[in-house]
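> give me the fold of what follows.
(one chain, ligands or ions: 1)
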Amino acid sequence: MAVPDRVLSNDDLSAIVDTSDEWIVSRTGIRERRIASERESTATLGLKAAQRALDVADVLPVEIDLIICATSTSENIFPSTASVIQGGLGATQAGAFDLSAACSGFVYALNMATQSIRAGSIRTAVVIGAETMSRVVNWQDRGTCILFGDGAGAVVLKASSEPGGILSAILRSDGTGSDLLGLPTFGSIDAGGADLLENGHRLGKMHMNGGEVFKFAIRVISESLPQAAQAAGITMNDVKLIVPHQANARILQSAARALKLDETRFMTNLDRYGNTSAASIPMALCDAIAQGRVQDGDYLAFVGFGGGLSWASMVMRWGTPAAALGSAGRFNWQRRRLSYATASGRTWFGRELRRLRRAMARMLPGSRLSRLQREIDENLP
Ligand code: COA
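Sure thing, here's the model as predicted:
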């Protein structure tokens, strides 16, 4: 996982909107969140998380076949954040795309990558959840801005003949609730040049009906987790740890009660990071591993829920790859750094070469290069 260094505490927030640490902690369980600096973006956080995941799995960028980035805060509609990350890794054999399913996105993406591996079309995938929610929350709306934070998490998935891995997935959507939680974007909405839409929502700013989303979340967590367990051929009692989307501690406590499970079976780290949307599940998984709560052979369940409305539950059996040991691991670590350095050099070199070609064509108007450049320019739409 990768998070920005800057911490925004509840007390810091109370200087921005009319709120208090006591209110936020008692209603949500959140104590602080991370906020991206000017130099950070969804892609830089996602790239850092992906690089760390490749180190843990000891996989080389050139071995990756597919990169999926689940995000709602891509810097661009296109190029995708996944493509930017692919370029940064130097994953020259990989396809890359973003997946939009709000806070359910990581589980959706994990299932898409799993199915591609299972179908035999690819062998190795990197699945990332990355967000800079701080760029899209309305910092004047105390009902939403207190909830969200920035960060990224990533996993590497590999084909294996060992039993285990991802065992089941339940993916669902209810578009009739699309007005309850959303982020209207520039582009396809014609707002006549205005930022404020007729329905009162702002372009580029998130809106939410907190009470309705709260009830929806408890319902879908408690319905879909047992469905995923059943599809995996186990019961919820077999699941060692549930790694849920980190939205609100009260949502998780209510869902645990509805499922008649001890709350401690739900991994939480939202007190430190808030709701990081599609990044929250891989970030919580990383923390669970760091805390020694995940062992080989454990059944884990993931559950995501959010805008769409969308939700997704999944059950997997954890199996860590044989750790990279000794000189081979160290050699691969160096090869990965070389790939990242070459990738950033290639991006810079390609851009500069295109600029130089144009400048040369201007300086030598009668040359073949100039004619070629003119032809390209004239044929541009
Ligand atoms: N600080 C202080 N008071 C606040 C506040 C804040 N940050 N935000 C809202 N309030 C006030 C409201 O204005 C309201 O005041 P009023 O009674 O005078 O009108 C009061 O607190 C209660 O508001 P309400 O919205 O009913 O609070 P709540 O207990 O439902 O908690 C949320 C609000 C947003 C924390 C809660 O609804 C929630 O977490 N919903 C789910 C959101 C979520 O997880 N979304 C992402 C899913 S992916």
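> give the next helix or strand downstream of the lengthiest helix in the chain.
Taking DSSP state H as the criterion, the chain has its longest helix at helix 326-363. Toward the C-terminus, helix 326-363 is succeeded by helix 368-379 as the next helix or strand (DSSP states H and E).
> pull out the buried positions in that following helix.
Of all the residues in helix 368-379, those buried under the rule 16 or more other Cβ atoms under 10 Å are 370, 373. Backbone N, C-alpha and C define where each C-beta goes, glycine included.
> could I get that helix in PDB with only the CA atoms?
The C-alpha coordinates for helix 368-379 follow below in PDB (Å, rounded to 0.1, in the frame of the first residue of the first chain):
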ATOM      1  CA  ARG A 368      11.600  15.200 -46.400                       C
ATOM      2  CA  LEU A 369      11.100  15.300 -42.600                       C
ATOM      3  CA  SER A 370       9.200  18.600 -42.900                       C
ATOM      4  CA  ARG A 371       7.000  17.200 -45.700                       C
ATOM      5  CA  LEU A 372       6.200  14.200 -43.600                       C
ATOM      6  CA  GLN A 373       5.400  16.300 -40.600                       C
ATOM      7  CA  ARG A 374       3.100  18.500 -42.700                       C
ATOM      8  CA  GLU A 375       1.300  15.500 -44.000                       C
ATOM      9  CA  ILE A 376       0.800  14.200 -40.500                       C
ATOM     10  CA  ASP A 377      -0.500  17.600 -39.300                       C
ATOM     11  CA  GLU A 378      -2.800  18.000 -42.300                       C
ATOM     12  CA  ASN A 379      -4.300  14.600 -41.700                       C
END
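> average pLDDT for it?
The average pLDDT within helix 368-379 is 74.
> kindly report the same for stretch 9-16.
Stretch 9-16 carries an average pLDDT of 96.
> got the contact list for it?
19-21, 24-25, 30-32, 139, 145-146 (Cβ atoms under 8 Å, 6 or more residues apart in numbering).
> at 10 Å what do you get?
6, 8, 19-25, 28, 30-33, 35, 139-140, 142, 145-146, 274 (Cβ atoms under 10 Å, 6 or more residues apart in numbering).
> among those residues, which ones are buried?
If you count burial by 16+ other Cβ under 10 Å, the buried members of the contacts of stretch 9-16 come out as 8, 19, 21, 24, 28, 30-33, 35, 142, 145-146, 274.
> strands - which of these land there?
When DSSP state E defines the strands, the subset of these inside them is 8, 32-33.
> can I get these in TSV with distance to the ligand?
Output for these, formatted as TSV (distance: Cβ to the nearest ligand atom, whole Å):
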residue	distance to the ligand
Leu8	13
Glu32	14
Arg33	13
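> quick check: pLDDT value at whichever residue of the stretch 201-350 of the chain sits closest to the ligand.
The nearest approach of the stretch 201-350 of the chain to the ligand comes at Gly210, 2.9 Å away (Cβ to the nearest ligand atom). Looking at Gly210, its pLDDT is 95.
> who's in contact with Ala70?
46, 81-82, 98-110, 112, 127-131, 153, 277-279, 281-282, 304.
> and the residues you listed, which are buried?
Judged by 16+ other Cβ under 10 Å, buried ones among those: 46, 81-82, 98-99, 101-110, 112, 127-131, 153, 277-279, 281-282, 304.
> and the ligand, which of these reach it?
Cys103 (Cβ under 6 Å from any ligand atom).
> what about the buried ones among the contacts of Ala70, which are in strands?
98-99, 127-131, 153, 304.
> and which of those is nearest to the ligand?
Of those, the one sitting nearest to the ligand (Cβ to the nearest ligand atom) turns out to be Gly304, at 8.3 Å.
> near the ligand, which residues of this protein?
Counting by Cβ under 6 Å from any ligand atom, the chain sits next to the ligand at 19, 23-24, 27-28, 103, 142-143, 146-147, 208, 210-211, 213-214, 217, 247-248, 275, 306.
> list the beta-bridge partners for the spatially most central residue of the chain.
Centroid-nearest residue in the chain: Gly129, 1.3 Å away (criterion: Cα atoms, centre = their mean). In this entry, Gly129 is beta-bridged to Ala70, Gly153, by DSSP bridges.
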